[in-house]
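Undergrad: the following comprises the amino acid sequence and a computationally predicted model.
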Amino acid sequence: MTLRAARTGTKDGLERTKIAVMRKVSFLQRKDQLEEEDDAGYLDVAVSELKHPPPQLSPMPEGLTNHQVVRRHILGSIIQSERSYLESLRRILQEYHRPLMEAEPRILSPRKIRPIFYRVREITQCHSMFQIALASRVAEWDRSEKIGDLFVASFSKSMVLDVYSEYVNNFTNAMALIKKACMSKPAFLEFLKRKQASSVDRITLYGLMVKPIQRFPQFILLLQDMLKNTPKGHVDRLPLQLALTELETLAEKLNEQKRVADQIAETQQLARSVSDRLLSKQLNSEQRSLVLCETLIETVYGERGQVLKSKERKVFLFDDVLICANINVKGPPDVSSLVPIGPKYTMKWNAPLQHVQVVEVGLDNSQSKDTLIQHSGPKRPSGACNSALLGPPRLYQELQELQHDLSVVEEVTLLVGTLQGTYQNLNTTVSQDWCLALQRLIRIKEEQIQCANKCRLRLQVPGRPDKSGRPVSFMVVFNTPNPLSKISWVNRLHLAKIALREENSPGWLYGEDEGKTIVPFSCPLLAWCNPPLTLEIETALHNPVNCALLGFSAASTSLPQGYLWVAGAGEALQGHIEIFSLNRPTPRAVKSLQISSAVRCLEYVHPPSPAEEDDAGTHKPAIGTGTSICVGLDDGRILVYGSADVAAQYLLTLHNPDGSPVLCLKHSSRFLFAGLRNGKVMVYGRNNNDDLWDPDSPRCISLGVEPVRTLLVLDESVWASCGNSVTVMKTPTLTTQKFEVHPDPMVSVAHVACAGGGVWMAFSEGSSIRLFHTETLELLQEINISTRSRLQNTGQKNMRVTSLLICQGLLWVGTAQGLIITLPVPKLEGIPKITGKGMISLNAHCGPVDFLVATISTLSPDLLKRDSVGDGPDSACGVEDRSDTSSQESLQPSSYYKAEEKGKGRGILLQYRLRSTSGLPGRPLTAQGDEASDSSLESLEHSVEDGSIYELSDDPEMWVRGRPSERDAVRRDRVVSAAVISGGKGFRRLKEGAAAGSRTGGDSLENILMVWQLPLTV
């Protein structure tokens, strides 16, 4: 070996080899020896069931409460689940690993067997030890009733994460080895078939080996059930919350590792099929990441809209390129039944992401006239390309023809009504039958368009220029498995383009990893930065507005639906509120309010739910005002505005006797709480006559002499900060309990953010934030923000926190230096402990971050129904010029508004120009309630949401909120859109690795809003 190194290597290589031989270092050992040595780091402990019997619950004693009975049943599920899981792990070792290792003659060599079953033994040992501890805890269950701390102790160890991580990272490779062995070793394939056939449950080796990947999500579901049935004050409640935090953190890390491993495998498989060497090299580079890949069905249509052919394609969305590949033969069926077999690909086409456009039905003519459009399918003369409408566009053309014919027949009906004589088959009854028949055809055509658009992804993709050099593009139509898939594709395509912008390349740095940049799509994306505002920003809030008529494109690309209210002081210390519409990809100012005093705080108030009203013992009349927004002023007044739409109708004024400035506002189902500068909290109850607050009999609670700067409403209490202490007010009795949250009496609580069972607090001085338990008031964690941002050295000892927010698993921290830091926290009901590395945004304000606001909305469930026709304007809107009515402040009444009042079942108010049957003369198409909405296509009556071709007056600027449906409230398949908005003075772009004072421009001290958009989540 030394001579070989001397012949082929350098002198340094020879010296290194000599030293290696002398020291016997590991890199000269064989791979299988490495694996054996690696396994030696874990103790192989044999657990005897005689010495350590499995856990067994004793008979249920008498006199247990309902919660205790349910908790025992859940504990029994945990015992049974763990026993079944351990049995599956032992089956892998005893029925597969051991027979393969001991087989004579050899079926597979040990060198191939070890990677397949890598870390299974160690995982089995971890859970064997957990079962021993579980048995001990179960034996004393009736005395202690505590199990959360056992999960924390068992699964917070680094060894568990390491073993599972190595197993997950190796899983894709293990499946590939099994597949390869099945193809090349018939004896191995027969061995797997025989083992499956002889097993009682007929489960395959793959079915057994995937169970470790599913284990922690199963634990989380069981502990969630246990926590729901653990009353507050129970000794097991905080341990269960901490256990959920540990398991969620562990599951998130394993899921991320599995996702990355799968993406690498898919990318490598694709790269091997690419003939372009440069593209193949780029695919294998670490700089390019896979955003989304899925098997879709490409469909080619004929001139009459008929399907000519369809074929499965694998579509890959990378961060800068879209690739479509053919799927080759997947392998023998007997192999694919035992283990998933990844297909081989042949690249069909690829296109730069910036030049790929999503085209919805009916929007074809909006494309540039300079671009020659070629549809996939049979070739035809270029002169006919623009006029041909294939597939769904053909349906849209047929719909327009039917609408034209209906208008003509209606005119004929009016003329027939003027006839003086009587004629057979020429009377008003016959002509009205014509109208009804055409209305039926129009409705069917509308439903065909909507259903086609729900699962149809139409992409305009650039092709090679024609002979004259003009750019040429072609249309590709993919069928997605379900509506949710299409929404995901449109959303990811939209965000991937935003990620390519300069401000997001890169947009964030790891605060504790030597300035390592982060893949753009794995973090919030800066989607918009507004022109300077004229007001001095003080606060902001999101006024959510849900509209069931939001179409696919708008739903997938717009910000969370609703309005953003930004408030502060204008000129001469007058109050100023600017209202932005969020029903589009970028916010748009739609209204300004001038107020006589500076605005200090805002609060969005939703109407009490029926459950809350029942708990409160009150029953509101149906004519209540609904949602409202409370505005706290510097002169001590609280103004209440209606928030049904952008009109912002003034409703009420609340006063406090001292006229002290209102610093914060929060509401519960029964009360409105106002924190004052003089250290008092004013409490306003609801008026019995409507949903408004009662201004005549407020209660005053004095907390101290320091200002009440923050309020936080929890399930059964309200937290109010005064100085360095927090007072907990129990509702509805308003009894108080006070506890200290900072040792320095000169420091006061400035900001709070709550999630799960914990509350994060930031203070007026210093860079530390603290986490307190919401029930025991115990301090659980303390973090120094300045240590998380050492790369951005400000020249100051501390970084004061000026804003705090928790949104979508991230704790957002705004600082006085204008920096924005995010820290990962769990999303479930556990404790929001910081569980990973912090990130620093390279897009910052020049001054303090005045506020951070989360905007979150849930997409209409109707978007996820294949057979729904309430899909909205993007599905098939026309290409007529639209009049700009964005300056209008409220909805004008229309005939359709009256129709909506008749059908209260699913009311949606919308301003639009009618393009559907509901606006046509003749027999009225009434709005039916839910009991009449299940009629067949033969029905001629439309409900409010059935007329699906709406054209908005401008864009969704003037939408108002639809009546919520109880059926939708319990729906499981929720699609959540989220964005975070920051406000502060100026904008600056930080340089990578530079100090926070270094900036690349934008030193203006005018007030700026920045919007970070997050991917849709399900």
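TA: Structure received.
Undergrad: contacts, neighbours, all on C-alpha from now
TA: Fine.
Undergrad: can you tell me the element Leu192 falls in?
TA: Using DSSP states H and E, Leu192 sits in helix 186-198.
Undergrad: list the buried ones in stretch 1009-1018?
TA: 1009-1016 (16 or more other Cα atoms under 10 Å).
Undergrad: can you name the next helix or strand after the helix holding Leu192?
TA: Sequence-wise, the next helix or strand downstream of helix 186-198 (DSSP H and E) is helix 205-209.
Undergrad: and Met746, what does it touch?
TA: With contacts defined as Cα atoms under 8 Å, 6 or more residues apart in numbering, Met746 is in contact with 723-724.
Undergrad: roughly how far does it sit from Lys228?
TA: 40 Å (Cα to Cα, to the nearest Å).
Undergrad: try Val339
TA: Using Cα to Cα, Val339 is found at 38 Å from Lys228.
Undergrad: please apply the same query to Gln400.
TA: Gln400 is 54 Å from Lys228, where distance means Cα to Cα.
Undergrad: wait, a strand at Ile1008?
TA: Yes. Checked against DSSP: H, G, I helix; E, B strand; the rest coil, Ile1008 lies within a strand.
Undergrad: which residues sit in contact with it?
TA: 529-533, 845, 983-987.
Undergrad: ok, Asp694 touching Asn687?
TA: Yes. Using Cα atoms under 8 Å, Asp694 makes contact with Asn687 at a distance of 4.8 Å.
Undergrad: mind checking which of those two has more residues around it?
TA: Using other Cα atoms under 10 Å as the criterion, Asp694 and Asn687 rank with Asp694 on top: 20 against 14.
Undergrad: so what's that one up against?
TA: Listed by Cα under 8 Å, 6+ apart, the contact set of Asp694 reads 684-687.
Undergrad: just the buried ones from the residues you listed?
TA: With burial judged by 16+ other Cα under 10 Å, the buried subset of the contacts of Asp694 is 684-686.
Undergrad: least confident of the residues you listed?
TA: In terms of pLDDT, Arg686 ranks lowest among those, with 85.
Undergrad: how close does it get to Cys630?
TA: 14 Å.
Undergrad: likewise for Val975?
TA: The gap separating Val975 from Cys630 is 29 Å, by Cα to Cα.
Undergrad: ok, the contacts of Asp694 vs Leu804, which is closest?
TA: Tyr684 (26.6 Å; Cα to Cα).
Undergrad: next up, the contacts around the residue lying closest to Phe673 once chain neighbours are set aside.
TA: Leaving aside its chain neighbours, Phe673 sits nearest to Val683 (4.8 Å; criterion: Cα to Cα, 6 or more residues apart in numbering). Val683 is in contact with 671-674, 698-701, counting by Cα under 8 Å, 6+ apart.
Undergrad: ok, Val975 and Cys630, which is more surrounded?
TA: Using other Cα under 10 Å as the criterion, Val975 and Cys630 rank with Cys630 on top: 24 against 20.
Undergrad: right, and the more buried one touches Val605 too?
TA: Yes. Between Cys630 and Val605 there is a contact at 7.4 Å, judged by Cα under 8 Å.
Undergrad: what pLDDT does the residue most central in space within the chain get?
TA: Of all residues in the chain, the one closest to the mean position by Cα atoms, centre = their mean is Thr1017, 2.2 Å from it. Here the pLDDT value assigned to Thr1017 is 82.
Undergrad: doesn't Leu859 make contact with it?
TA: No. Contact status for Thr1017 versus Leu859: not in contact, 10.4 Å apart, counting by Cα under 8 Å.
Undergrad: can you name the residues that contact the residue of the chain positioned farthest from its centre?
TA: Relative to the centre of the chain, the most outlying C-alpha is that of Gly421, 66.6 Å out, by Cα atoms, centre = their mean. Applying Cα under 8 Å, 6+ apart to Gly421 gives no contacts.
Undergrad: and the strands in the stretch 401-550 of the chain?
TA: With DSSP state E, counting those that start in this stretch as the criterion, the stretch 401-550 of the chain has strands at 456-462, 472-479, 508-510, 525-529, 536-544.
Undergrad: helix, strand or coil for Glu298?
TA: Glu298 - assigned by three-state DSSP - is strand.
Undergrad: once you drop chain neighbours, what's closest to Ala251?
TA: Phe216 (5.9 Å).
Undergrad: so for the one you found, what's the pLDDT?
TA: 93.
Undergrad: swap in Trp1012?
TA: Looking at Trp1012, its pLDDT reads 93.
Undergrad: now stretch 632-646: how far from the chain's centre is it?
TA: Offset of stretch 632-646 from its chain centre (Cα atoms, centre = their mean, to the nearest Å): 31 Å.
Undergrad: residues of that stretch that come out buried?
TA: By neighbour count with 16+ other Cα under 10 Å, stretch 632-646 contains the buried residues 632-646.
Undergrad: equivalent analysis for stretch 171-187, please.
TA: If you call a residue buried by 16+ other Cα under 10 Å, then stretch 171-187 has these buried ones: 171-179, 181-182.
Undergrad: now stretch 401-408
TA: Buried residues in stretch 401-408, counted by 16+ other Cα under 10 Å: 402-403, 406.
Undergrad: kindly report the same for stretch 77-97.
TA: Buried residues in stretch 77-97, defined by neighbour count with 16+ other Cα under 10 Å: 78-79, 81-83, 85-86, 88-93, 96-97.
Undergrad: just give me the closest of those residues to Lys827.
TA: Ile78 (22.5 Å).
Undergrad: work out for me the element the closest one sits within.
TA: Taking DSSP H and E as the definition, Ile78 sits inside helix 66-91.
Undergrad: what packs against that helix?
TA: Secondary-structure packing of helix 66-91 (3 or more Cα pairs under 8 Å, 6 or more residues apart in numbering; DSSP states H and E): helix 120-139, helix 205-209, helix 211-228.
Undergrad: packing partners of the very next helix or strand once past that helix?
TA: As assigned by DSSP H and E, the chain's next helix or strand after helix 66-91 is helix 98-102. The contact analysis (3+ Cα pairs under 8 Å, 6+ apart) places helix 98-102 against helix 110-116.
Undergrad: got a list of contacts for the helix it packs on?
TA: 32, 35, 97, 100-101, 170, 173-175, 177-178.
Undergrad: helices - which of those residues land there?
TA: Among the contacts of helix 110-116, the members found in helices (DSSP state H) are 32, 35, 100-101, 170, 173-175, 177-178.
Undergrad: from Tyr650, how far off is the residue nearest to Thr727 when sequence neighbours are not counted?
TA: Nearest in space to Thr727, with sequence neighbours left out and distances taken as Cα to Cα, 6+ apart, is Lys738 at 4.3 Å. The spacing between Lys738 and Tyr650, counted by Cα to Cα, is 37 Å.
Undergrad: what does Met101 give?
TA: With the distance defined as Cα to Cα, Met101 ends up 80 Å from Tyr650.
Undergrad: also Val70?
TA: Looking at Val70 against Tyr650, where the rule is Cα to Cα, the gap reads 50 Å.
Undergrad: count of neighbours near Thr733?
TA: 8.
Undergrad: regarding it, what is its secondary structure?
TA: At Thr733 the chain is in coil, as set by three-state DSSP.
Undergrad: now swap in Ala567 and tell me
TA: strand.
Undergrad: hang on, it packs against His576?
TA: Yes. In this structure, Ala567 is within contact of His576 by Cα under 8 Å, at 5.8 Å.
Undergrad: Leu1005 belongs to a strand, doesn't it?
TA: No. Per three-state DSSP, Leu1005 lies outside any strand segment and is coil.
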